[in-house]
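1. Pasted the sequence and its predicted model underneath.
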Amino acid sequence: MTRVLVVLSHIRDTTFSYELSERIALADDLDVTVVSYYDASPAEAALAPETNVELIPLGAESRTDPAAIRHLRWVLTTGEYDVLHTHHNFVGSLARLLAPRHIAIVDTEHADHKEHYSLPQVLVNLPTLPRADRIVANSAQTLRSLYAVERLLTRGRLGVIYNGIDVARIDRAIAIPENPYEIAGARITCVGRFSETKNQSLLLRAFASVASTDTDVRLTLVGDGPLRSDLEALARSLGVRDAVEFTGFIERDAVYQLLAASDLYVQPSLSEGFCMAVVEAMACRLPVVVSDIDVFDEIVGDAGAVANPRRPEAFAKQLRDLLADTDRATALADRAYERARSRFPLEKTAAEYRSLYRELADGHSTR
C-alpha cells in the first residue's frame with residue numbers, strides 16, 4: 001500500500017486538487033490523506049460525508065501560525081507517508097520544507113507564473129521547489145510560464161498532466177426532466193471569479209454591443225469576487241443591468257444545469273493556467289468563445305471561436321455571429337463536446353497521477 005499525503009491551503013466545492021485526490025484514492029493500492037491548512041473542521045472544508053479520503057484540518061489562523069506548523073510537521077514525520085503532493089504556493093513550500101528526506105515529493109503548478117505570481121511569491125516558492133522529485137504543470141502553457149530560475153533548479157523533473165472534468169457528475173446533473181434555468185430567449189454564460197484577470201468588464205462591454213441590436217439575449221455571470229460591485233455598476237452605466245444576471249456562487253451541479261440551459265459560453269480571460277470552466281462548458285455541448293491566448297489554443301484548439309481579450313468589439317462580433325449562425329454554433333459545440341470528454345476526463349488525470357505516485361514511491365524505496 002502506497003500512502004500519500006496531499007497538502008492544500010483550503011477545500012471548497014470548486015477545489016480541483018481535492019476532487020482529484022478523491023478520485024485517485026479509488027485505487028485499491030493507494031491510501032490518500034489530505035491536510036487542509038486553513039480549514040478548522042470537515043464542515044468548514046465543505047466535505048461530503050461519503051468522502052473516501054481522510055482529512056486533517058489544521059485550522060491555521062495565519063500563514064505562520066505556530067500551532068498549525070507544528071501540527072503539519074508532526075503529521076509529516078509520524079504518518080509514514082511514501083509520497084507528499086503539494087499544490088498551493090505558500091503551504092506547498094512549507095510542507096516541502098518540513099518533509100522528511102525519505103518522502104517522495106510531487107508538486108503541481110496550476111497557474112501562469114508570469115501572469116499570476118509576483119516576484120515575492122515566486123521567491124517564497126523557489127527555495128523548496130528543488131526538493132520535489134517531479135514538478136507537474138496543468139498545461140504546457142503553465143510549464144512554459146515558469147521563470148528561468150525555476151526551470152533551471154528543476155531541470156529534468158518537469159512534466160504536464162492536464163486537469164480533468166468529472167464527466168459522470170456533469171451528466172447526472174444535467175439529466176433532469178425540467179431544467180430550472182431554461183429561458184425563452186438566448187443566454188450567454190461566463191463562470192469565474194470576478195477579477196481583473198478574468199476580464200468580465202470587457203465581456204460586459206461586448207454584451208452591451210450585442211444587446212443594442214438583440215434585446216432577446218441575456219448574459220449570466222456566475223461567481224463572485226472583489227470586482228462584483230464594480231461590474232454591476234458598469235452594467236448599469238452601459239444600460240444593460242436588467243439583461244445581466246449576477247448569480248453569485250452556486251453549487252457545482254447547478255452550474256452544470258445552467259450551462260446546459262445556455263446558448264453560448266464565453267471566457268475573456270487575460271491569462272489562465274488551464275480553466276476548468278471552459279472545459280466543463282465544452283462537455284455540456286456549448287459553443288465557446290475564448291480569448292486568443294496560448295493556453296486556449298492548447299485546451300480548446302479548433303473547437304471554439306477566439307477573440308482579442310483587449311477588444312470588446314472582437315468578442316461582440318463572435319457572439320453575434322454564433323447567435324445568428326446556428327449551423328456554425330452547432331458544429332463548434334459538437335467538436336467541443338468530443339474534445340472535452342476525450343482529452344480531459346478526470347479519470348485520465350487521476351490515472352496519470354496514480355502512475356506517477358507508484359513510480360516515485362518505488363524509486364524512493366530502493367534508495
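-> Received the coordinates, thanks.

2. Quick one: distance of the strand or helix carrying T330 to the chain centre.
-> Using DSSP states H and E, T330 falls within helix 326-343. For helix 326-343, the distance from its own C-alpha centre to the chain's C-alpha centre is 21 Å (CA atoms, centre = their mean, to the nearest Å).

3. do stretch 267-278 as well
-> 8 Å.

4. Same question for stretch 219-232.
-> 18 Å.

5. can you pull the buried residues of it?
-> Residues L219, T220, L221, V222, G223, L227, R228, L231, E232 are the ones in stretch 219-232 that count as buried (16 or more other CB atoms under 10 Å). Where C-beta positions appear, they are placed from N, C-alpha and C, glycine not excepted.

6. gap between the two ends of it?
-> With CA to CA, to the nearest Å as the measure, stretch 219-232 spans 12 Å from end to end.

7. got it, and stretch 239-249?
-> End-to-end distance (CA to CA), stretch 239-249: 24 Å.

8. Look up how far V295 lies from the nearest residue to R252 once chain neighbours are set aside.
-> Distance criterion CB to CB, 6 or more residues apart in numbering; nearest residue to R252, sequence neighbours excluded, is D13 at 5.6 Å. Distance, D13 to V295, using CB to CB, to the nearest Å: 24 Å.

9. Looking at the two now, which is surrounded by more residues?
-> The neighbour comparison of D13 against V295 (other CB atoms under 10 Å) goes to V295, with 24 against 15.

10. Who are the contact partners of that one?
-> D112, S139, Q141, T142, S271, E272, G273, F274, C275 (CB atoms under 8 Å, 6 or more residues apart in numbering).

11. now swap in A173 and tell me
-> R252, D253, A254, Y256, Q257.

12. Scan the contacts of V295 and report the most crowded one.
-> Most surrounded of these: other CB under 10 Å gives E272, at 29 neighbours.

13. got a pLDDT number for the nearest residue to that one once chain neighbours are set aside?
-> With sequence-adjacent residues excluded and distances taken as CB to CB, 6+ apart, E272 is closest to V295, at 4.9 Å. In this model, V295 is scored at 97, pLDDT.

14. what helix or strand does V295 sit in?
-> According to DSSP H and E, V295 maps onto helix 294-299.

15. which element follows that helix toward the C-terminus?
-> Next along the chain after helix 294-299, taking DSSP H and E as the criterion, comes strand 305-307.

16. What's the mean pLDDT across the very next helix or strand once past that next one?
-> Note on strand 305-307: by DSSP H and E, the next helix or strand toward the C-terminus is helix 312-324. Average pLDDT, helix 312-324: 98.

17. List the buried residues for helix 312-324?
-> P312, A314, F315, A316, K317, Q318, L319, R320, L322, L323.

18. Quick check, the third one in contact with P268.
-> Spelled out, it's F315. Yes. F315 is in contact with P268 according to CB atoms under 8 Å; the separation is 6.0 Å.

19. Lowest mean pLDDT among the helices and strands, pick that one out for this protein.
-> helix 119-125 (a mean of 81; mean pLDDT, DSSP states H and E).

20. pull the CA atoms of that helix into CSV?
-> Once non-C-alpha atoms are left out, helix 119-125 reads as follows in CSV (Å, rounded to 0.1, in the frame of the first residue of the first chain):
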residue,chain,number,x,y,z
LEU,A,119,8.4,38.2,-7.7
PRO,A,120,8.0,37.8,-3.8
GLN,A,121,5.5,35.0,-4.3
VAL,A,122,8.0,33.2,-6.7
LEU,A,123,10.8,33.7,-4.2
VAL,A,124,8.6,32.1,-1.4
ASN,A,125,8.1,29.0,-3.6
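
21. chain center to that helix: distance?
-> 21 Å.

22. who does it touch, helix- and strand-wise?
-> Here helix 119-125 touches helix 89-98, going by 3 or more CB pairs under 8 Å, 6 or more residues apart in numbering; DSSP states H and E.

23. Give me the packing partners of the helix it packs on, helices and strands only.
-> Other elements packing on helix 89-98 under the criterion 3+ CB pairs under 8 Å, 6+ apart are strand 2-8, helix 66-78, strand 83-86, strand 104-109, helix 119-125.

24. let's see 7 Å
-> strand 2-8, helix 66-78, strand 83-86, helix 119-125 (3 or more CB pairs under 7 Å, 6 or more residues apart in numbering; DSSP states H and E).

25. among those, which is the most enclosed?
-> Mean neighbour count (mean count of other CB atoms under 10 Å) peaks for strand 83-86 among those, with a mean of 28.

26. just to revisit the earlier point, walk me through which strands the helix or strand that comes right after the least confident helix or strand of the chain pairs with, and which way each runs.
-> Counting by DSSP H and E, the next helix or strand C-terminal to helix 119-125 is strand 134-137. Next to strand 134-137 in the sheet, as set by DSSP bridges, lie strand 104-109 (parallel), strand 158-160 (parallel).

27. Is it possible to get JSON lines of these that adds distance to P180 and mean pLDDT?
-> Conversion of these to JSON lines gives the following (distance: least, CB to CB, whole Å; pLDDT from 0 to 100):
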{"stretch": "strand 104-109", "distance to P180": "35", "mean pLDDT": "97"}
{"stretch": "strand 158-160", "distance to P180": "38", "mean pLDDT": "97"}
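
28. okay, those, which one's buried deepest?
-> Taking mean count of other CB under 10 Å, strand 104-109 is the most buried of those, at a mean of 24.

29. Next, the angle from it to strand 2-8.
-> Strand 104-109 and strand 2-8 are oriented at 40 degrees to each other (axes from the mean of the first three to the mean of the last three CA atoms, to 10 degrees).
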